[in-house]
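Chemist: quick one: sequence and predicted model below, then my questions.
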There are 4 protein chains.
Amino acid sequence: MQDSEISPAERRRLRVRGAILDAAEKVFAEEGEAGLSIRRIADEIDYSPAAIYKYFSSKDDLVDVLKESFFGRLLGTVHEIIDRREPFSARARRCMAGYVRIAIEKPHHYVAAFTGVRADDEAPSDAQAFDDTNKGRAFSVLTDMVSEGIEGGHFRPELDTVNTAKSVWASIHGLAMMIAHLPDFPATASMPGGMSQAEFIDFHADLIVRSLEKQSGVAA
Amino acid sequence: MQDSEISPAERRRLRVRGAILDAAEKVFAEEGEAGLSIRRIADEIDYSPAAIYKYFSSKDDLVDVLKESFFGRLLGTVHEIIDRREPFSARARRCMAGYVRIAIEKPHHYVAAFTGVRADDEAPSDAQAFDDTNKGRAFSVLTDMVSEGIEGGHFRPELDTVNTAKSVWASIHGLAMMIAHLPDFPATASMPGGMSQAEFIDFHADLIVRSLEKQSGVAA
Amino acid sequence: MQDSEISPAERRRLRVRGAILDAAEKVFAEEGEAGLSIRRIADEIDYSPAAIYKYFSSKDDLVDVLKESFFGRLLGTVHEIIDRREPFSARARRCMAGYVRIAIEKPHHYVAAFTGVRADDEAPSDAQAFDDTNKGRAFSVLTDMVSEGIEGGHFRPELDTVNTAKSVWASIHGLAMMIAHLPDFPATASMPGGMSQAEFIDFHADLIVRSLEKQSGVAA
Amino acid sequence: MQDSEISPAERRRLRVRGAILDAAEKVFAEEGEAGLSIRRIADEIDYSPAAIYKYFSSKDDLVDVLKESFFGRLLGTVHEIIDRREPFSARARRCMAGYVRIAIEKPHHYVAAFTGVRADDEAPSDAQAFDDTNKGRAFSVLTDMVSEGIEGGHFRPELDTVNTAKSVWASIHGLAMMIAHLPDFPATASMPGGMSQAEFIDFHADLIVRSLEKQSGVAA
DNA sequence: TATGAATGAGTCTTCATTCAT
DNA sequence: GATGAATGAAGACTCATTCAT
């Protein structure tokens, strides 16, 4: 474990790279896909657009890295929750809440990561390929959770794993989109008593899990 | 009162207009928001870009029409279902199924209609203004349904109307996005036993409604 | 002199042609060079743009005819005045007033006739060619008048004919331009006592002639 | 305080900027308002159209600068003359000559500055607003001169200040137009004895002033 | 005869990208 | 390593013009 494998020059390089990515993320978050231009990113860190090309081979490259890092965060967050091995019901809710939180904290980023910005990916054609994808990995977390829920008797036994996972995913995805594109949707302030962001997150996480649970009559 | 009130010329015009809209929809579906350009649309129907302007005064105009027609279809479908005044539980499921069907039949159109494409709308600032919007009208159907469900004792009484409606909306929205952007998601064929489109729709509609219902232990 | 040489069909054709020219003139007068488009002209007479091409081979053709007709009017007006053979002083002033009137009544047209709109003319290179030009003919009227004035002892003998004529022309030309492009220049209403259009015309005609006349101490 | 405060880079930038402006002026001169396009300007200096936008934010911006610089030159020249406070008669002639010289040296520029090119300005509605305009300032010089001439007994007392100034302006304007658009007008060489440019200028300046002066029988 | 349909060239403008310095 | 200069491709849009009907 030699730290000196990373030369100071390399360190600097990585620092700048990170700064560029942060700037890109900020711009993207603030202005959405349409506003994500090399110039805007460069302005954000007081660099010239040309400089960015020392760190990324193209805009597409930069965006790919951005997505990759986003998925890293998403998967990291979610796995950390899962690994705590709490009782299933709480774990499932916390896991959903993890997804939801990330989705609504960086809605543009979330949407971008799963969606276009680049018409990349070229849709991996077989299931195996999909599983090795970031999207696939993020999806696996959901299918695993659904499987476990069904097998453990928490979720309704007649549920189809894959489609159920899709539904869960769709709910989260939809929240992100909604928030990303409809800032004041029907204004939050209109809620009775108001709702903190944490409450908002838990509320939606709970709804998602509930749609899968056996009808116990005792819930929540 | 003859149908021939519409001259052949007019008919042709409408046909071309329709073709342009279809092309626009297709382009949007294939290439996303970023790829929706007049030139691409024109190429799609082997026209010159200039020709488009004989049918639409601007790109914005075209997009508006696209959205408007979509909302017409959506609201028409949904209201027709609601107006049948079936028992609540069935009605709620059928209504959800209506939304879901439209969402997955024309997922890109659905996403486009609710999303950017144009940074128009400028988010109507007050609630009243929002209600007079197409988005608002589509949302109202959901809030009304949630209200009725709660008041009728079908849905959990502690639910907050607006946020619950948001959640419902998000689920539908997310399905559309998922299908729109992840064509081969985990391929449908991989589902155990397979599932027809109708089953798929009902499955998701059911999940949505279930997340709101009282835990009766009797349902479905 | 057979009237029947002009068939009814031909007559109609000429009538429409005239209507198009009138429309073009109106459009040009109202909107200037920038606004003179085939579509605008066609709209003015409720025709389709395509129809115009039955009467004129191109926009340039139309504009040429427009200029031609303008020069016809200008030269007609001016010659009519000249031919009355009044005493020189009055005749010179009336002649100038004729130019000025036409210049300020249709300033855009005037400017267009002498100027661009089309980068045509290709500047006839020798003097003879110029004289056979409409511009040349209009200019000749001025040189003739200056010559006569000098020879008759009305204008200062040291004046150079051609350059003097240029100056006269420039004054008229400038008035047209000023009016064409500076609608409310320094607002007319600011004049002491106001000034009718006729007075305005005479005022300027008088100034022009005065600049050429011998200093008699008796003038006007 | 060194001249080298302007870096070589900056110098180059200014040089290119100047080249663009010169090109624009040339294009305008050769092809008139209608032909003044970014592409043409770029072609003139063998640049790509996009390059122009590194130096000017828009075509309007470029044109504004063109006008502004022209007015700077015009007003500078004229004020310098006026401030010398020579006896009125000489001063008036020299001032007119100043106008005329600028008008005929860069006739297209002159015409452009006072004319459309851009339908901007929106004709400032009241007199005060007009006075704060470049056009207004240039016009004020003339009204002031006319006023002084009348009050000082040099010009005919019955003259209306504003309209007289208009006439003067028109004469100058017309000269510029004439030269700008009729290159070979009646070729200068055809003048008896010929006339240098300086003589040409003085000749016209003299004509202008004479049209305003009292008929003294002594003048010139 | 008149027109609706369609187009190609051209308008201004933006943006990712390269390259010499 | 960073940048200013420059560009080519593309974007929305306009307009004179042709052609089949």
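Modeler: Thanks, I have it.

Chemist: for DNA strand E, what are the nearby residues on chain A?
Modeler: Residues of chain A lying near DNA strand E by C-beta under 7 Å from any atom of the strand: A:36, A:37, A:38, A:39, A:49, A:50, A:53, A:58, A:59, A:60. Any C-beta I mention is one placed from the backbone N, CA and C, and that applies to glycine too.

Chemist: now do 10 Å
Modeler: Contacts of chain A with DNA strand E, taken as C-beta under 10 Å from any atom of the strand, map to A:34-42, A:48-54, A:56-63.

Chemist: measure residue A:177 to residue A:155 for me?
Modeler: 26 Å (C-beta to C-beta, to the nearest Å).

Chemist: between the two, who's got more neighbours?
Modeler: residue A:177 (26 against 23; other C-beta atoms under 10 Å in any protein chain shown).

Chemist: for the more buried one, what are its contacts?
Modeler: Applying C-beta atoms under 8 Å, 6 or more residues apart in numbering or on different chains, we find residue A:177 in contact with A:107, A:111, B:111, B:114, B:115, B:170, B:173, B:174, B:177.

Chemist: related to what we said a few turns ago, could you list which of the residues of chain A next to DNA strand E also contact chain B?
Modeler: Here is what survives when the residues of chain A next to DNA strand E are matched to chain B using C-beta under 8 Å from any C-beta of the partner chain: residue A:34.

Chemist: quick revisit: so of the contacts of residue A:177, which ones are in helices?
Modeler: A:107, A:111, B:111, B:114, B:170, B:173, B:174, B:177 (DSSP state H).

Chemist: which ones are touching the second one?
Modeler: What it means is residue A:111. A:173, A:176, A:177, A:180, B:177.

Chemist: also residue A:17?
Modeler: If you count contacts by C-beta under 8 Å, 6+ apart, residue A:17 has them with A:55, A:56.

Chemist: measure whichever residue of chain A sits closest to DNA strand F to residue D:157 for me?
Modeler: Distances between chain A and DNA strand F by C-beta to the nearest atom of the strand are smallest at residue A:50, namely 3.0 Å. Residue A:50 is 69 Å from residue D:157, where distance means C-beta to C-beta.

Chemist: equivalent analysis for residue A:24, please.
Modeler: 75 Å.

Chemist: neighbour count winner among the two?
Modeler: Counted by other C-beta under 10 Å, residue A:24 and residue D:157 do not tie: residue A:24 has more neighbours, with 25 against 8.

Chemist: make TSV from the ones in helices among the contacts of residue A:177 and add pLDDT to it.
Modeler: Shown next, in TSV, are the ones in helices among the contacts of residue A:177 (pLDDT from 0 to 100):
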residue	pLDDT
A:107	79
A:111	77
B:111	76
B:114	73
B:170	85
B:173	83
B:174	84
B:177	78
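
Chemist: give me the element residue A:18 is part of.
Modeler: helix A:8-35 (DSSP states H and E).

Chemist: quick one: distance of that helix to the chain centre.
Modeler: 18 Å (C-alpha atoms, centre = their mean, to the nearest Å).

Chemist: same question for stretch A:57-64.
Modeler: That offset, for stretch A:57-64, works out to 19 Å (C-alpha atoms, centre = their mean).

Chemist: same deal with stretch A:17-36?
Modeler: With C-alpha atoms, centre = their mean as the basis, the mean position of stretch A:17-36 lies at 16 Å from the chain mean.

Chemist: in that stretch, what's buried?
Modeler: Neighbour-count burial for stretch A:17-36, counted by 16 or more other C-beta atoms under 10 Å in any protein chain shown, picks out A:17, A:20, A:21, A:23, A:24, A:25, A:27, A:28, A:29, A:32, A:33, A:36.

Chemist: what does chain A have sitting close to DNA strand F?
Modeler: Going by C-beta under 10 Å from any atom of the strand, the residues of chain A near DNA strand F are A:9-10, A:12-13, A:15-17, A:19-20, A:38-39, A:42, A:45-55.
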